[in-house]
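**Student:** Here you go, sequence then predicted model.
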Amino acid sequence: MSQTNGEWVRAIARRATIDTSRVESILAAHRISPTPVLPSPRRLLLIQIAFSGAKDKSGTEEPFSFDWSGLSHGLWAMLSDKNFRGKSSILEVVHWLLRGRPTSNLQDDVRRWIHKANVRFTLDGVEHEVAIECKGGLQGSLARRGKSGNRVPLAEFETEEAFEAVMADFFMNALSMDSITSWQSNPSNSDDDSGRAVSHGWAAFSGAMFIGTNYETLLGDMPVASGLNPRLIQMYIGVPWVSTLASAQSAFRAGQNASEARTRKQTQAQESREKRESEIKEDIATKQVELSALPSDDELRRSLGQLTSEFASVVRQQAVLEKRLSSEVQAEEEARVLSLADRKELQAHLDSMAAGAIFRMLDPTYCPRCDKEISEAKKKLEHSTHACSVCGEVTETDEDAEAMKNDLEQRAKASKAAYDTAAKTVSALREQLASSKESSNRLQAQIGAVTAKLGSYQRQQELNREIAVLEGRLAEAKRDVSQDGADFQPDEVKALGTIVTETENRVRAVRDDLLKDVSTRIVHYARRFGMHTLTEASLKANAVLSLVKGGTNTSYSKVTEGEKLRLKVATVLAMLEIGEQKGVGRHPGLLMIDSPGAQEVSQADLDALVSGLQSVAKDIPHCQIFVAGRSSEAITDHIPSTNRREAVNGGFLW
Amino acid sequence: MSRKPYRDALRVLFIIRAGATPLEPTMQSIVSIFRGEARLHAFDFWIRNPDYLAAELLDLFEANHEAAYLRAVESIFANEEPDLRRLPMIRYFFGAFERLDDSLSLLRSRELIQITGVKHSQKVQETDFLLTDRGEQFCLTCLREAPPLSWYSDRAQLVALIAGDRAGSALKQKQYERASYAETAIGGIIPSIAAETAARLKQLKMAAQEWSSESNER
């Protein structure tokens, strides 16, 4: 690597703060080559144009042959007094053979009529010949003629594609041109692909040698929308580093694009990952809450055991209570019956006592048995002996009855007390039993509840398993998505940006001076082509040509077609001249100007151009200019007949 | 239980007094006449079995809604009479039967009653009991001297009220029917119907309250 290149790489490394080796690997990866010094311009000179075939007009074939040899530097003209006499076709054939592919301007019938064509040219004095035969399929060859006149074949081709590739290879190498990569934005501008890199080569560059009838762009024939024209101008002017810059810019934009896409994707991935994580975390939390609400199985079994033993003890206690109650109830009933009997007997005794007392107030008058009146003697005897006046038995006294009453009262009281006690005992036992039954019912309910929960053991296992699965998923979701399939390393886009910056600096250093010089010469030549009111021109790096015409600011795109044509020619000439002076520039010196459309460019304009060119051709000795046009005095006055091919009286050039 | 001849005699005396018809003063020293031995037995049954009496009173209450009957039944149960005053009887063929000979002879011996019979073709068809002046005086003394014994008098009067002028056979038929519900075997003790009668009382009291409130509204 040259010293300049080394300096460039080190500057990039410094600016991007990476190793020079890293810079070199990035440059290699993106096929960015340094172009600090351009080889000196190469010169192309046509020396023979020849083609032949048969015109197929209304079924009859009319053979023809055109051969224009002895060509050299200077101004050349193809003229006719009428249009459509073959001027443009000559120019188009040359374009076809040099480019390897016909342009759309070559009429289809003309293309079909031509069976053979060859163009001989010198490149820096070395003669070359490209020859094709195109009746039926296309085949042909490119050859160099040695100093001794021997033919050295460089390439042969048998298809149109091969022809184009051969010519492109040859001229790109011969003229030391580098293909230009440009970034084409994707109009649909979808997220994934917001553009693509397009490589332009000889097909684009060759356009700078031909001026057709479309004056849209200042140089060449690529549409403005291609974004290629600024590069083309810089390339032809011969600014060093231009192709490097183009490659670097293209790679940088691709990198930015990829990086943006990746960032976008990563952001999306990050967002969806975070969403997924939070969803999983939520799931886990929900399940853990459910799990924690479930008591552990051991606890349940322990609790169940305790409850069961409590229940058993309560039930045992109940059995004892019931047995006791049953015997106490029986005792109570016995006491009740006894108490009742006692009270009844007391009542009977009291009644009886009272009745007795009343009755005793009467003495029997008659014997209840025989109805005989009872004697006074018997009544007296009874009073003294307490012997019955009727039967003689001892009569019951009040004392006996009183004693019996006391006895009965005691008994009734005692049995009533016994009954009350028994009733109290029974009632207490019943209460105890009721409370015990309440306990057993409660325990039974608790046992039921705990037993039901025992079923939750399975759910517990299930939850534990589900949580484990979710945790696994969470860990998986958390794992950073690696930068899979990334074409660009993280430092790469930054490095490419730095490469662009460094290269741009180098381009700018020489470009602006060159553009200024070219601009000055554009004014010079345009004025010589009759644009006398043009006072200033300024060609910018962005291919915009600003003008001051008649004291008014204007630009290339705003002037008339005739002026555009003259400015296009002036631009090529200016580049050729500056290139010659400074030893830069890539234009090979050949310029073919097609006949301007009559409506668009006036004959006066063309005359002015031709007369200007005639004198200019003398100033720039290595240029060769062909003009196709309608015959006029102005042209014939300036171009000697030896340099002209003319069709007169309505005839054809071939 | 020991014999209570005076009490039993007094009960019979009060029955005769309550159920007797006053006599024209044709016979000296006789106040009134109680007709029929079967009737005497029927009266005695109701006094000795307060639960049957209560059931009879409830029948009457149902028939004519006289609140006094209901109050009487309430009082019977409130005083535990079915338990304390019950004197079980043996049932005999067509009704409760216990010979009252002892009580009657005791009353006769004191000249408190006289026993007569209407003779039809050499056979006594009906036995009647005559309450003497002496018997009437004895009853009054008894009520004055021994107030607790007034229960017998009161009860006898209630029974007489219920019995009305129904014949003894009719009364016994009624008692028999009620007792037969309790499926008493012949010769067995007449069962207590206290529990069912108490339940009936409760039910009728509630109904009575509703009836009374309805009638107030009218």
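**Tutor:** Arrived safely. Owing to the predicted nature of the structure, the values given are computational and were not obtained by experimental measurement.
**Student:** residue with max distance from the center of chain A?
**Tutor:** The outermost residue of chain A relative to its centre, with distances by CA atoms, centre = their mean, is A:A377 at 149.7 Å.
**Student:** Look up how far A:T554 lies from it.
**Tutor:** Applying CB to CB, to the nearest Å, the value for A:A377 to A:T554 is 189 Å. Backbone N, C-alpha and C define where each C-beta goes, glycine included.
**Student:** Could you tell me the model confidence score at the residue farthest from the centre of chain A?
**Tutor:** Reported pLDDT at A:A377 in the predicted model: 81.
**Student:** near chain B at all, whichever helix or strand it is part of?
**Tutor:** A:A377 is part of helix A:376-385 when elements are defined by DSSP states H and E. No. Applying CB under 8 Å from any CB of the partner chain, one finds helix A:376-385 separated from chain B by no less than 12.9 Å.
**Student:** contacting residues around that helix?
**Tutor:** Applying CB atoms under 8 Å, 6 or more residues apart in numbering or on different chains, the contact partners of helix A:376-385 are A:363, A:387-390, A:395.
**Student:** The one helix or strand A:K116 maps to - contacts with which helices or strands?
**Tutor:** If you go by DSSP H and E, A:K116 is part of strand A:114-123. Here strand A:114-123 touches strand A:44-57, helix A:87-99, strand A:126-133, going by 3 or more CB pairs under 8 Å, 6 or more residues apart in numbering or on different chains; DSSP states H and E.
**Student:** Flag every buried residue along the last one.
**Tutor:** Buried residues in strand A:126-133, defined by neighbour count with 16 or more other CB atoms under 10 Å in any protein chain shown: A:127-132.
**Student:** so how far is the longest strand seen in chain B from its chain's centroid?
**Tutor:** Ranked by residue count under DSSP state E, the longest strand found in chain B is strand B:123-132. Relative to the chain's own centre, strand B:123-132 is displaced by 18 Å; criterion: CA atoms, centre = their mean, to the nearest Å.
**Student:** can you check stretch A:160-172 too?
**Tutor:** For stretch A:160-172, the distance to the chain centre is 40 Å (CA atoms, centre = their mean).
**Student:** Helix or strand, whichever it is, which one in chain B has the lowest mean pLDDT?
**Tutor:** Least confident helix or strand, chain B: strand B:96-97 with a mean of 54, by mean pLDDT, DSSP states H and E.
**Student:** Run through who's touching the helix or strand following that strand.
**Tutor:** Using DSSP H and E, the helix or strand that follows strand B:96-97 towards the C-terminus is helix B:101-109. Outside helix B:101-109, the residues within contact range by CB under 8 Å, 6+ apart are A:359, A:364-369, A:371, A:390, B:5-6, B:8-9, B:11-13, B:113-115, B:129, B:135.
**Student:** what do you get if the cut-off is 10 Å, keeping everything else the same?
**Tutor:** For helix B:101-109, the external contacting residues (CB atoms under 10 Å, 6 or more residues apart in numbering or on different chains) are A:359, A:362-369, A:371, A:374, A:390, B:3-13, B:15-16, B:37, B:40, B:44, B:100, B:112-115, B:127, B:129, B:131-132, B:135, B:138.
**Student:** One more: stretch A:456-474?
**Tutor:** For stretch A:456-474, contacts defined as CB under 10 Å, 6+ apart pick out A:276-298, A:300-301, A:453.
**Student:** mind running it again at 6 Å?
**Tutor:** The contact list for stretch A:456-474, computed with CB atoms under 6 Å, 6 or more residues apart in numbering or on different chains, reads A:280, A:283-284, A:287, A:291, A:294, A:297.
**Student:** Can I have the buried ones of these as a PyMOL selection?
**Tutor:** Restricted to buried positions by 16+ other CB under 10 Å, the PyMOL selection for these reads:
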select buried, chain A and resi 280+283+284+287+291
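**Student:** Tabulate the contacts of stretch A:456-474 (a markdown table), appending secondary structure.
**Tutor:** Putting these into a markdown table (DSSP: H, G, I helix; E, B strand; the rest coil) gives the following:
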| residue | secondary structure |
| --- | --- |
| A:I280 | helix |
| A:D283 | helix |
| A:I284 | helix |
| A:K287 | helix |
| A:L291 | helix |
| A:L294 | coil |
| A:D297 | helix |
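**Student:** Among the contacts of stretch A:456-474, show me the least confident.
**Tutor:** A:D297 (72).
**Student:** Can you tell me, leaving aside adjacent residues, what's nearest to A:S440?
**Tutor:** Leaving aside its chain neighbours, A:S440 sits nearest to A:V314 (4.6 Å; criterion: CB to CB, 6 or more residues apart in numbering or on different chains).
**Student:** ditto for A:A13
**Tutor:** Once flanking residues are discounted, A:A13 sits nearest to A:T20: 4.5 Å by CB to CB, 6+ apart.
**Student:** The one you found: neighbouring residues, count only.
**Tutor:** Neighbourhood size, A:T20 [other CB atoms under 10 Å in any protein chain shown]: 14.
**Student:** Isn't it up against A:V9?
**Tutor:** Yes. Taking CB atoms under 6 Å as the definition, A:T20 is a contact partner of A:V9 at 5.3 Å.
**Student:** Okay, strands next: where are they in chain B?
**Tutor:** Using DSSP E, the strands of chain B run over B:21-22, B:30-35, B:90-91, B:96-97, B:113-120, B:123-132.
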